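Q: My questions concern the predicted model and sequence given below.
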Amino acid sequence: MADIRSLQDAVADLVHDGDTVAMEGFTHLIPYAAAHEVIRQGITDLTLVRMTPDVIYDQLIGAGLVRKLVFSWGGNPGVGSLHRFRDAVENGWPRPLELDEHSHAGMANRYVAGASKLPFAVLRGYRGSDIPTRTDTVSTVVCPFTGEELAAVAALNPDVTVIHAQQADRAGNVQMWGLTGVQKEAALAADRVLVTVEEIVEELTPRPGGIVLPTWVIDAVSVVPGGAHPSYATGYSTRDNDFYQAWDPIARDREAFLTWIEENVRNSEGALTR
């Protein structure tokens, strides 16, 4: 059952050194405020999991808290590269970064297998790719009915999944709507779940296409208005495109990045300087 707690207390209780952590959200509802609290608390040696790591993971990697990244695409959407990510891969700064790369379909199926409590998922994919030679989480399986050889991907079961959503009620049931990705699957696959929300409401109103996560799959809910900035929350905020543009020169330079992190995250109580 979900407890409604401060973000600081929830992160301290649920996210630990050495954890495998999924922070999901597809251009929308990305849990930046929670990631910044992880940076402030210095939780380290993390394995980060995300279908589309963007600026949120660039910041965590640049802060030196990440030892491994499990992903299917990485970049600053609409702008270019993740320069802290690239620096870690190419130069080992601020520490070497181990990679486990997949296709989008592979990552989504890994979450589904984890949520279904299955050891692996089966899909048609990876043919003609060298990805299976670079990871021990892709293999093959022969269909017992047709004899066809298919790709198999190991289940993903994060120690903790962190997501942002629009609303929770006082019992800790959470609802999100709009452009959603694999937040539901990532939450159901995890051992522990932290959700930041825009607000607490007395009753969740059903939304077309909305996803409801019941309180019994969530450990903690933290009220963090604007907690997805610079991404957005449908019905509450819009995407801060200027920030994504501004991030590129900051991230290119190590000293500029370190200064930004100190001023806007480690020494700030807010999600981001707006």
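A: That came in fine, so what should we check first?

Q: Show me the shaky parts of this structure.
A: Applying pLDDT under 70 to the chain flags residues 269-274.

Q: now the helices for it?
A: Taking DSSP state H as the criterion, the chain carries its helices at 7-14, 32-41, 55-62, 83-91, 104-115, 183-189, 241-252, 254-261.

Q: can those go into JSON lines with extra columns for mean neighbour count and distance to W177?
A: C-beta coordinates here come from the backbone N, C-alpha and C atoms, glycine included. Formatted as JSON lines, the helices of the chain follow (neighbours: other Cβ atoms under 10 Å; distance: least, Cβ to Cβ, whole Å):
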{"stretch": "helix 7-14", "mean neighbour count": "19", "distance to W177": "22"}
{"stretch": "helix 32-41", "mean neighbour count": "23", "distance to W177": "19"}
{"stretch": "helix 55-62", "mean neighbour count": "25", "distance to W177": "21"}
{"stretch": "helix 83-91", "mean neighbour count": "19", "distance to W177": "30"}
{"stretch": "helix 104-115", "mean neighbour count": "23", "distance to W177": "19"}
{"stretch": "helix 183-189", "mean neighbour count": "24", "distance to W177": "11"}
{"stretch": "helix 241-252", "mean neighbour count": "16", "distance to W177": "22"}
{"stretch": "helix 254-261", "mean neighbour count": "15", "distance to W177": "32"}
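
Q: wait, which of the ones you listed is closest to T137?
A: helix 104-115 (7.4 Å; Cβ to Cβ).

Q: Name the residues that touch the closest one?
A: 22, 51-52, 70-73, 102, 119-123, 125-126, 131, 137-138, 151, 153-158, 182, 184-186, 188-190 (Cβ atoms under 8 Å, 6 or more residues apart in numbering).

Q: Try it again at 7 Å.
A: Residues from elsewhere that reach helix 104-115, judged by Cβ atoms under 7 Å, 6 or more residues apart in numbering: 51, 72-73, 120-121, 123, 125-126, 138, 153-157, 182, 185-186, 188-189.

Q: My understanding was that I56 contacts A35; is that so?
A: Yes - using Cβ atoms under 7 Å, I56 is in contact with A35, at 5.0 Å.

Q: list residues touching both of these two?
A: M23.

Q: Out of the contacts of helix 104-115, which end up buried?
A: Among the contacts of helix 104-115, the ones that count as buried by 16 or more other Cβ atoms under 10 Å are 51, 72, 120-121, 123, 125-126, 138, 153-157, 182, 185-186, 188-189.

Q: ok, which stretches of the stretch 151-274 of the chain are strands?
A: 160-169, 174-176, 192-201, 211-213, 220-223 (DSSP state E, counting those that start in this stretch).

Q: What pairs with the fourth one, parallel or antiparallel?
A: Strand pairing for strand 211-213, using DSSP bridges, gives strand 174-176 (antiparallel).

Q: Outside of the strand it pairs with itself, which residues are in contact with it?
A: Contacts of strand 174-176 (Cβ under 7 Å, 6+ apart): 29, 165-168, 183, 195, 197, 204, 207, 210-213, 218, 221.

Q: Count the residues that sit near the residue lying closest to I261 once chain neighbours are set aside.
A: In space, and not counting its chain neighbours, I261 is closest to A63: 5.9 Å by Cβ to Cβ, 6 or more residues apart in numbering. Other residues lying near A63 total 22 when counted by other Cβ atoms under 10 Å.

Q: correct me, but A63 touches I39?
A: Yes - under the criterion of Cβ under 7 Å, A63 makes contact with I39 at 4.9 Å.

Q: and this protein, what are its domains?
A: Structural domains assigned to the chain are 3-102+159-266, 104-154, following automatic domain parsing.

Q: picking that back up, could the helices of the chain be laid out in a markdown table, adding distance to L97?
A: Putting the helices of the chain into a markdown table (distance: least, Cβ to Cβ, whole Å) gives the following:
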| stretch | distance to L97 |
| --- | --- |
| helix 7-14 | 22 |
| helix 32-41 | 16 |
| helix 55-62 | 6 |
| helix 83-91 | 4 |
| helix 104-115 | 18 |
| helix 183-189 | 21 |
| helix 241-252 | 15 |
| helix 254-261 | 15 |
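
Q: quick one: which of these is nearest G235?
A: helix 183-189 (16.1 Å).
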